[in-house]
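Asker: Structural data only, the sequence is not supplied:
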């Protein structure tokens, strides 16, 4: 008995169904694996790892530059004001050199004016010690250049006499390339200005 042949249209219909099923499966698999690769890539960008001294792996969370900017700006301002105003006869040249890396010509102009006024000569002549007590900064990071205002309290030790002062400074911060170890935060102080300086009483 002869086996009847199937209709050619039925065979083509089955073949087409099989091909469409295979294509759809391949597309779905590609999309799934593509999503997995993207998710892994995104996780890798948000996490990094460091090796501890004992050989253990420490996960580190990366945050966006926006989240870091305020922290780095405040740290940059604290570092600058510490270098620029926490000085004595033994460290002032070294500290001022470090401070000048953190600002542009406006900082250099303030430094030159102080030098012309004999501030650093008196520091050497009378062995004065100028010590920073506190640094409080406010910075607006919404738009660049970032405006800041800093209140620095320092004391000048003249031996038996210790006077305390409050200095208000203002200026802007701009982004620059990081320079290790001279400018690790990648920020530069511009339009720097010493607004007010007043002597504080013991009650302040």
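Answerer: That came in fine, so what should we check first? What you see is a predicted model, and the numbers here were worked out from it, not measured in a lab.
Asker: can we go C-alpha only for contacts and neighbour counts from here?
Answerer: Will do.
Asker: quick one: low-confidence parts of this protein?
Answerer: 1-7, 11, 41-67, 202-204 (pLDDT under 70).
Asker: how about the helices in it?
Answerer: 8-46, 65-85, 92-100, 105-116, 119-125 (DSSP state H).
Asker: ok, now which ones touch residue 21?
Answerer: Neighbouring residues of residue 21 by C-alpha atoms under 8 Å, 6 or more residues apart in numbering: there are none.
Asker: And it, how far from residue 9?
Answerer: Using C-alpha to C-alpha, to the nearest Å, we find residue 21 at a distance of 18 Å from residue 9.
Asker: What of residue 82?
Answerer: Taking C-alpha to C-alpha, one finds residue 82 at 87 Å from residue 9.
Asker: Name the residue in those two with the higher neighbour count.
Answerer: residue 82 (21 against 9; other C-alpha atoms under 10 Å).
Asker: mind listing what the closest residue to the more buried one other than its chain neighbours touches?
Answerer: Distances taken as C-alpha to C-alpha, 6 or more residues apart in numbering put residue 132 closest to residue 82, at 6.6 Å, once the chain neighbours are dropped. Taking C-alpha under 8 Å, 6+ apart, we find residue 132 in contact with 82, 85, 86, 152, 153, 154, 155.
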